[in-house]
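A.B. asks: A predicted structure for the sequence below; I have some questions about it.
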Amino acid sequence: MPQLEVDGAALTYDDEGPRDGDGVPLVFIHGWTANRHRWDHQLAHFSPKRRVIRLDLRGHGESSGAGVRTIEELARDVLALLDHLKVERFVLVGHSMGGMISQTIALSHPERVERMALVNSISRMTYSRGRGLLMGVSTLVPFKLFVATNIQRAFAPGYPREEIREYVRASADTPREVVMTLYGAMRAFDVLDRIGEIRTPTLLVHGYHDIQLPVSQMLRMAKAYPDAVVRIVDAGHELPVEKPAELTSALDRFVTARA
């Protein structure tokens, strides 16, 4: 897989699909402790007819690099990759922390973002009571147990246990320093008072059973968006893998809709 060196990190990415395909490129950004393979279903669907770019954020998946203290630094990584690929205008699709990165880019470079889809994401980090307690004891429990508990809570009730264990194993490969430093970056993230500035058409897709970032928080964000479509799905926080076909269908309708 190709890599790009950016500020001490080697970012692994995929760049697939026709350069002269339908519309501007789609850029997929994964969430905390995840990797670019969260978007496998969407890549398979869109890449035959449209350019699709996805990356492993620094310290995640097959990318190297230490954790950073702000979401803005992750946004700069994404923009550095897009500049390297000579992609001037694009559609952003971000899951969870990836949605925070997407909003940061939309605020700092609105002229480059044609559309944006935020999946299980919010504009101000406010943890539920359960997750707040979990984060509070994070330094007192073994790291792998902490990661496993976070991932298990991310899925809606009834999701296959063996599949959850696979995602737990993948997330546990993310270095502890990266996980905890980015937790601080997310904790400090707050653009709720600024999102009225975002004029690009935006799709907000959220899992009804999301207890990591509850749907009530997303709806609070939705009220502030001047041009947003909201979709609630029968899923938890891991919508890209819990309901991949349903998410892909919603994204397909959104990115092909007339402005």
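C.D. replies: Arrived safely. Numbering: from 1, shown residues only.
A.B. asks: in stretch 173-190, what's buried?
C.D. replies: By neighbour count with 16 or more other CB atoms under 10 Å, stretch 173-190 contains the buried residues 174, 178-179, 181-183, 185-186, 189. Placement of C-beta: from N, CA and C, glycine included.
A.B. asks: save these as TSV, and put in pLDDT and distance to Ser47 too.
C.D. replies: What follows is the buried residues of stretch 173-190, written out as TSV (pLDDT from 0 to 100; distance: CB to CB, whole Å):
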residue	pLDDT	distance to Ser47
Thr174	92	26
Val178	93	28
Val179	89	30
Thr181	91	32
Leu182	91	28
Tyr183	87	32
Ala185	93	30
Met186	91	29
Phe189	95	30
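A.B. asks: so which of those sit within helices?
C.D. replies: Among the buried residues of stretch 173-190, DSSP state H puts 178-179, 181-183, 185-186 in helices.
A.B. asks: for Val78, give its distance to Ala66.
C.D. replies: The gap separating Val78 from Ala66 is 17 Å, by CB to CB, to the nearest Å.
A.B. asks: ok, the two, which is more surrounded?
C.D. replies: Val78 (25 against 13; other CB atoms under 10 Å).
A.B. asks: in the strand or helix carrying the more buried one, what's buried?
C.D. replies: Per DSSP states H and E: Val78 is located in helix 71-84. Buried positions in helix 71-84, judged by neighbour count with 16+ other CB under 10 Å: 71-82.
A.B. asks: quick one, what contacts the nearest residue to Glu5 once chain neighbours are set aside?
C.D. replies: Using CB to CB, 6 or more residues apart in numbering and skipping the chain neighbours, the partner closest in space to Glu5 is Leu11 (7.8 Å). Contact analysis of Leu11 by CB atoms under 8 Å, 6 or more residues apart in numbering lists 3-5, 55-58, 63, 65, 77, 81.
A.B. asks: ok, Thr33 next?
C.D. replies: 60, 147, 150-151, 171, 174, 179.
A.B. asks: top of those residues by neighbour count?
C.D. replies: His60 (29 neighbours).
A.B. asks: can you give me the strands for the stretch 1-150 of the chain?
C.D. replies: Under the criterion DSSP state E, counting those that start in this stretch, the stretch 1-150 of the chain contains strands at 3-6, 9-16, 26-29, 52-55, 90-95, 113-119.
A.B. asks: adding mean pLDDT and distance to Ser216, write these out as CSV.
C.D. replies: Output for the strands of the stretch 1-150 of the chain, formatted as CSV (pLDDT from 0 to 100; distance: least, CB to CB, whole Å):
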stretch, mean pLDDT, distance to Ser216
strand 3-6, 96, 36
strand 9-16, 98, 34
strand 26-29, 98, 24
strand 52-55, 98, 29
strand 90-95, 98, 19
strand 113-119, 97, 15
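A.B. asks: distance to Thr126 added to the ones you listed, as CSV?
C.D. replies: Putting the strands of the stretch 1-150 of the chain into CSV (distance: least, CB to CB, whole Å) gives the following:
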stretch, distance to Thr126
strand 3-6, 30
strand 9-16, 29
strand 26-29, 21
strand 52-55, 27
strand 90-95, 18
strand 113-119, 16
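A.B. asks: out of those strands, which is closest to Asp234?
C.D. replies: Closest of the strands of the stretch 1-150 of the chain to Asp234 is strand 113-119, at 14.5 Å (criterion: CB to CB).
A.B. asks: alpha carbons of that closest one, as PDB, please.
C.D. replies: Output of strand 113-119 as PDB, limited to C-alpha atoms (Å, rounded to 0.1, in the frame of the first residue of the first chain):
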ATOM      1  CA  VAL A 113     -15.600  20.600   0.600                       C
ATOM      2  CA  GLU A 114     -18.400  19.900  -1.900                       C
ATOM      3  CA  ARG A 115     -20.500  17.800   0.500                       C
ATOM      4  CA  MET A 116     -20.000  16.200   3.900                       C
ATOM      5  CA  ALA A 117     -21.400  13.200   5.700                       C
ATOM      6  CA  LEU A 118     -21.000  12.700   9.400                       C
ATOM      7  CA  VAL A 119     -21.500   9.200  10.700                       C
END
